[in-house]
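In: Would you be able to build a 3D model of this:
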Amino acid sequence: MRIDSEQLPQHLARGLKSLYLVFGEELLLALEAADRIRAKALEQGFDERRVLIAETGFDWGELAMMSNSLSLFAPKRVLDLRIPSGKPGKDGSEALQRLAGSLPGDTVTLITLPGVDRQSQKAKWFEALDGAGVVVQAAAIKRDRLGAWLAGRLALQSQQADARTIEFLIDRVEGNLMAAHQEVSKLALLFPAGALPFDEVKNAVVDVARFNVFEIGATLLKSDRVHFVRMLDGLQAEGAAAPLVLWAIAEEARAMARVKAAMNDGSPLTQALRDARVWGPRQELMPAALRRLTQEQLIAALRHAAGMDRIVKGLDSGDVWDGLLQLGLALMAPAQPGRDQANRGKIGPSIRG
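Out: Below is the predicted model:
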């Protein structure tokens, strides 16, 4: 059984299970989920807690010994296993499968991991734990979900914010949920329950936003210029590698060019997206971007990217970050009527190579 960390309170209200696996890239949500499970267990009389940390050199036989031994101090206990690397190895895999197949009685077993990639989620040990208990995923809160998350957290402290204030908060805390939690908690100390005053919130909240270069593509497809400029400024301030930013922008232009070329050759949109390896939310966002941009605009953007590559490598002179800004803005420009048909089919050979 799998649930999102935000669903955990409702799940625990219906009762406590004997095995929980908590994992995810959002540290704050993972920590909160584990705390909720431990608190619920304590509430139901699981008074003893034994902690094992499976670091390098950990003896997995210790897990079997502890799970099979009787508690000396309390009839019910929590077995708290932490795997910081997220990879238990061969011995750990076998031990976890045995544990899943024979869960100890009068024990709540809590296993915590960092983010686990899709391949690892298909491993035998992960699937065994999934089948035996409840898997709680602490998924990252992306920008499109952050407003609702912030509003929910404010509601927990009996505060409300209008759309303008929420949007301001999103801009200040995006990509940094731990700091977002701290800023929201600070608002509870600074202001009474009820509606938050925008001007005072604006002066109180620190800019702690952090940006992920791999989210640039979605921003370009949405044609969100303001957010793109803010992302680029933030990445530059954080010391992000310009070649990686250039790759993210150029890869989106290249994917759009491939899809448009395939469609001009007669392929249906769904097939063209699949062949260009456009997956997930990008599949929903790209059609609108393709309607905005002509083949000529995409070709120009790719040529611009090639020129930026020379600047990044020191072969030509120029302002790297200004060039990246201009490249991104070009990909968010509206299409120029009448030019796409004139360039129909020209993009194919130059892109597919």
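In: and the residue nearest the centre of the chain, helix, strand or coil?
Out: Centrality entry for the chain: nearest residue to the mean C-alpha point is residue 140, 3.6 Å, by Cα atoms, centre = their mean. Three-state call for residue 140 (DSSP: H, G, I helix; E, B strand; the rest coil): coil.
In: Would you map the strands across the stretch 1-150 of the chain?
Out: When assigned using DSSP state E, counting those that start in this stretch, the strands of the stretch 1-150 of the chain occupy the ranges 2-4, 19-23, 48-53, 77-82, 107-112, 134-137.
In: tilt between the third one and strand 77-82?
Out: Translated: strand 48-53. With axes from the mean of the first three to the mean of the last three Cα atoms, to 10 degrees defining the directions, strand 48-53 sits at 20 degrees from strand 77-82.
In: tell me the domain boundaries of the chain?
Out: As given by automatic domain parsing, the domain ranges for the chain are 2-137, 143-204, 213-351.
In: Give me the distance between the two termini of the shortest one.
Out: Terminal residues of domain 143-204 lie 21 Å apart, using Cα to Cα, to the nearest Å.
In: just stretch 19-34 next, same as before
Out: Note: stretch 19-34 ends 12 Å apart using Cα to Cα.
In: what's it in contact with?
Out: Contacts to stretch 19-34, defined as Cβ atoms under 8 Å, 6 or more residues apart in numbering, come from residues 5-6, 8, 37, 86, 100, 103, 108-116, 126, 129-130, 132-141, 177-178, 181. The C-beta positions use only the backbone N, C-alpha and C, and glycine is treated the same way.
In: Now list the buried members of those residues.
Out: Buried by 16 or more other Cβ atoms under 10 Å: 5-6, 8, 37, 100, 103, 108-116, 126, 129-130, 132-139, 141, 177, 181, out of the contacts of stretch 19-34.
In: which residues in the stretch 51-200 of the chain form helices?
Out: Secondary structure of the stretch 51-200 of the chain, counting by DSSP state H, counting those that start in this stretch: helices at 61-68, 89-101, 118-121, 124-132, 143-156, 163-173, 177-190, 198-204.
In: Tabulate these in TSV, adding columns for distance to residue 299 and mean pLDDT.
Out: Conversion of the helices of the stretch 51-200 of the chain to TSV gives the following (distance: least, Cβ to Cβ, whole Å; pLDDT from 0 to 100):
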stretch	distance to residue 299	mean pLDDT
helix 61-68	58	84
helix 89-101	49	93
helix 118-121	34	87
helix 124-132	45	94
helix 143-156	30	94
helix 163-173	34	93
helix 177-190	39	91
helix 198-204	43	90
